[in-house]
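>>> Following is a predicted model, sequence given first.
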Amino acid sequence: MTHGANLRVCIFCGWHGKLTREDAWPSWLMRELFPRGVPIRKTFGTNLQQLAAHAKVAADLRTKIEAVCYPCNHDWLGPKEAEIKSKLLTWMAGLHGPLGVDDQRQLAFWTIKTTMTVQLAYPASERGVPRNQYRQLHANTDRPPTGVHVFVGHQPERVPGNLFAIQPIDFTHPELTPLGLRMNPYRAYQATLVIKRLVLKVIGHNGPPSVQLPRIFPNLDAIRDLTEIWPPSSLFVR
């Protein structure tokens with residue numbers, strides 16, 4: 001089944017025309033997690049109960065999406081996948097040392113990019129990342145859009161596969177205009193990706209820089225044991 005089969009505008013650059021048909025998750029990652037002959041598990045046990053409200057497992061996300069043009073896929077995103085693949089395999093196994101600024105940027109870019117593509121396998125009402133941030137990612141080339149925060153961590157127990165959860169949040173923020181105070185609508189979201197032992201968390205919004213995260217996300221316990229890598233928190237993250 002293909003989601004967005006009638007969509008003929010590239011979600012990233014806005015190009016009109018024929019779009020490529022790709023896996024929601026990177027194809028190389030799905031082959032790594034589920035080699036030929038290895039069954040895809042439907043459940044992961046109780047250690048991931050905190051994700052249950054909005055979780056889908058990889059078996060439900062082998063969906064093909066048609067939302068990206070050939071230049072974006074082949075000339076931009078493809079090389080980015082190749083750059084980070086070996087590092088991701090190491091991090092997925094739970095092996096990690098200090099992360100330099102370039103490592104943080106690459107991992108943060110991959111996390112928000114993958115969140116953007118995987119959420120396209122969801123119904124439109126369940127997607128969190130707003131469309132304007134796809135264009136911002138394309139314009140930035142190699143770093144997340146403004147308003148995106150990315151966190152990383154490892155869990156002691158290896159997940160047999162991958163898991164994805166996303167929660168859209170609508171909010172308003174005041175803006176002073178010549179006619180007085182106006183409450184403008186914006187979109188916020190939080191997403192979690194778990195791949196073997198690697199845990200990635202994205203918290204983002206498309207509001208102005210003055211927006212304070214605690215006001216949108218009153219419960220930030222989910223990131224308490226994670227380390228922020230975007231915006232870069234330090235020269236080296238251990």
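Good, I have the coordinates.

>>> Tell me the buried residues in the lengthiest helix in the chain?
Counting residues, the longest helix in the chain under DSSP state H turns out to be helix 101-119. Within helix 101-119, the residues that count as buried by 16 or more other C-beta atoms under 10 Å are 103-119. All C-beta spots, glycine's among them, are computed from the backbone N, C-alpha and C.

>>> quick one, strands of this protein?
2-3, 19-23, 55-57, 64-69, 148-154, 162-177, 180-195, 198-205, 227-230 (DSSP state E).

>>> wait, which of those is closest to His138?
strand 64-69 (10.2 Å; C-beta to C-beta).

>>> Name the next helix or strand downstream of the closest one, please.
Next helix or strand after strand 64-69 toward the C-terminus (DSSP states H and E): helix 70.

>>> for the protein, which spans come out with low pLDDT?
Low-confidence segments of the chain, defined by pLDDT under 70: 1-7, 36-62, 222, 238.

>>> Closest to the geometric centre of it, which residue is that? Let me know.
In the chain, the centroid-proximal residue (C-alpha atoms, centre = their mean) is Thr115; its distance is 2.3 Å.

>>> how close does Asn162 get to Lys113?
Going from Asn162 to Lys113 by C-beta to C-beta, to the nearest Å gives 15 Å.

>>> Tell me how far the nearest residue to Leu220 once chain neighbours are set aside lies from Ile223.
Spatially, and ignoring its direct neighbours in sequence, Leu220 is nearest to Pro214 (6.8 Å; C-beta to C-beta, 6 or more residues apart in numbering). Distance, Pro214 to Ile223, by C-beta to C-beta: 11 Å.

>>> Looking at these two now, which is surrounded by more residues?
Under the criterion of other C-beta atoms under 10 Å, the comparison of Pro214 against Ile223 puts Ile223 first, with 17 against 8.

>>> Restricting to C-alpha, output stretch 77-92 in CSV.
Extracted in CSV, the C-alpha atoms of stretch 77-92 (Å, rounded to 0.1, in the frame of the first residue of the first chain):
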residue,chain,number,x,y,z
LEU,A,77,19.3,12.5,1.5
GLY,A,78,21.0,9.4,0.0
PRO,A,79,24.5,10.8,0.6
LYS,A,80,23.5,11.8,4.1
GLU,A,81,22.5,8.2,4.9
ALA,A,82,25.8,6.9,3.6
GLU,A,83,27.7,9.4,5.8
ILE,A,84,26.1,8.3,9.0
LYS,A,85,25.4,4.6,8.4
SER,A,86,28.5,3.2,10.0
LYS,A,87,28.1,5.5,13.0
LEU,A,88,24.5,4.5,13.5
LEU,A,89,25.3,0.8,13.5
THR,A,90,27.8,1.4,16.3
TRP,A,91,25.4,3.5,18.3
MET,A,92,22.6,1.0,17.8
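
>>> how far out from the middle of the chain is it?
With C-alpha atoms, centre = their mean, to the nearest Å as the basis, stretch 77-92 stands 15 Å off its chain's centre.

>>> again with stretch 217-236
Centroid separation for stretch 217-236 versus its chain: 15 Å, with C-alpha atoms, centre = their mean.

>>> buried ones in that stretch?
By 16+ other C-beta under 10 Å, the buried positions in stretch 217-236 come out as 217, 222-223, 226-230, 232.

>>> Repeat that for stretch 189-203.
In stretch 189-203, counting by 16+ other C-beta under 10 Å, buried: 189-203.
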